[in-house]
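Trainee: Predicted structure and sequence below. I'll ask about it afterward.
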Amino acid sequence: MLSAIVNAACEAGDEVVYAWRSFEAYPIMVALSGARSVQVPVTEDGRHDLQQMADAVTRDTRVVLVCSPNNPTGTAVHADEWERFLGAVPRDVLVVLDEAYLEFVRDADSPDAIEVYRRHPNVVVLRTFSKAYGLAGLRVGYAVARPEIAVSLRSCVIPFAVSDMAIQAVVASYAAQDELLERVEALVGERTRVQDGLRELGYAVPQTQANFVWLQLGAKTEEFAEAADAVGLSVRPFAGEGVRVSVEAPEANTRLLEVAERFRERLSG
């Protein structure tokens with residue numbers, strides 16, 4: 001759906017503004033559409049700098065992408081800054097709120113995206129069944145958009161992109177939603193334990209609202225990834241920047257904290 005939005009809105013030479021670092025697919029999809037990426041650095045604590053993003057909008061901007069919670073830093077935008085941002089962006093620029101990790105959000109200051117969409121015709125909300133619902137391989141998601149925007153999106157979506165099996169999986173997931181939410185709540189509890197534990201060890205961890213945490217390690221990124229791999233843990237390294245660590249079962253999370261402690265001791269020693 002994200003690629004359909006960019007393809008529907010952009011032609012060669014147009015601009016798409018988004019934070020960086022953010023979802024790895026953004027620059028790929030923008031490049032495939034022939035448009036140009038305008039990347040606005042996240043703040044030191046891994047958050048979207050919405051003021052700078054609004055300032056980056058030009059007459060060539062067609063789309064602004066906002067990933068909240070942000071992948072890979074896990075931070076979420078807040079309702080007050082979101083409203084200021086929308087007030088500063090021209091109404092003819094499409095603003096996409098990518099909520100792939102919505103089910104994990106517990107920040108009371110996060111905006112109600114559907115309510116925002118109702119008040120702002122240029123806002124499109126993206127959601128997916130790939131994360132909390134565990135249907136990543138089936139690639140099922142949806143957009144909430146005004147009818148005139150939805151018509152354009154449909155013209156850019158690959159025919160039969162969603163299989164019958166995927167539809168059945170979505171229906172089954174909804175039927176088991178109570179169980180799903182219980183698992184999500186348990187993961188959120190583990191997320192707090194991991195985040196607090198890493199901070200106690202001296203790591204600067206952004207306030208994550210996703211199912212992962214972000215460790216900004218700079219030149220030590222690959223070294224940390226190798227230390228994790230040595231004990232059977234897989235983390236996602238971004239060379240020269242940091243690692244995204246998924247919150248898993250309690251045993252795996254405990255092992256991660258042990259790796260992080262030994263790694264910290266090695267650096268300080």
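Mentor: Yes, it's here.
Trainee: How much space separates residue 107 from residue 254?
Mentor: To residue 254, residue 107 is 25 Å away according to CB to CB, to the nearest Å. Quick note: C-beta positions are derived from backbone N, CA and C, even for glycine.
Trainee: roughly how far is the longest helix seen in the chain from the heart of the chain?
Mentor: Secondary structure of the chain read by DSSP state H shows that its longest helix is helix 177-200. Centre-to-centre, helix 177-200 and its host chain are 17 Å apart (CA atoms, centre = their mean, to the nearest Å).
Trainee: quick one: low-confidence ranges for the stretch 1-150 of the chain?
Mentor: Residue ranges of the stretch 1-150 of the chain with pLDDT under 70: none are present.
Trainee: Where do the strands of it begin and end?
Mentor: With DSSP state E, counting those that start in this stretch as the criterion, the stretch 1-150 of the chain has strands at 15-20, 36-41, 61-67, 94-98, 123-128, 141-144.
Trainee: Quick check: can you name the pairing partners of the shortest one and their directions?
Mentor: Read it as strand 141-144. Here strand 141-144 is paired, per DSSP bridges, with strand 123-128 (antiparallel).
Trainee: Just the C-alphas of the partner strand, formatted as PDB.
Mentor: Extracted C-alpha coordinates of strand 123-128, given in PDB (Å, rounded to 0.1, in the frame of the first residue of the first chain):
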ATOM      1  CA  VAL A 123      -3.900  12.600   5.900                       C
ATOM      2  CA  VAL A 124      -3.700   8.900   5.100                       C
ATOM      3  CA  VAL A 125      -3.300   6.300   7.800                       C
ATOM      4  CA  LEU A 126      -1.500   3.100   7.100                       C
ATOM      5  CA  ARG A 127      -1.900  -0.100   9.200                       C
ATOM      6  CA  THR A 128      -0.800  -3.700   8.800                       C
END
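Trainee: now the angle from it to strand 94-98?
Mentor: 30 degrees (axes from the mean of the first three to the mean of the last three CA atoms, to 10 degrees).
Trainee: tell me the angle strand 123-128 makes with strand 61-67.
Mentor: 40 degrees.
Trainee: Show me which positions of strand 123-128 end up buried.
Mentor: 123, 124, 125, 126, 127, 128 (16 or more other CB atoms under 10 Å).
Trainee: Skipping its backbone neighbours, what lies nearest the fourth one in space?
Mentor: The reference is to residue 126. residue 98 (4.7 Å; CB to CB, 6 or more residues apart in numbering).
Trainee: do the third one as well
Mentor: Distances taken as CB to CB, 6+ apart put residue 144 closest to residue 125, at 4.1 Å, once the chain neighbours are dropped.
Trainee: my guess is that neighbour contacts residue 116, does it?
Mentor: No: the criterion here is CB atoms under 8 Å, and residue 144 misses it with residue 116 at 10.2 Å.
Trainee: if I look at those two, which residues touch both of them?
Mentor: residue 125 (CB atoms under 8 Å, 6 or more residues apart in numbering).
Trainee: thinking the residue nearest to residue 126 is in contact with residue 68, fair?
Mentor: Yes: look at residue 98 against residue 68 with CB under 8 Å: they come within range, at 7.0 Å.
Trainee: rewinding a little: now do the same contact list for the residue nearest to residue 126.
Mentor: 2, 23, 65, 66, 67, 68, 126.
Trainee: By neighbours, which of the residues you listed wins?
Mentor: residue 68 (28 neighbours; other CB atoms under 10 Å).
Trainee: how close does that one sit to residue 116?
Mentor: Taken as CB to CB, the span from residue 68 to residue 116 is 11 Å.
Trainee: okay, and the common contacts of these two?
Mentor: Joint contacts of residue 68 and residue 116 (CB under 8 Å, 6+ apart) are residue 97.
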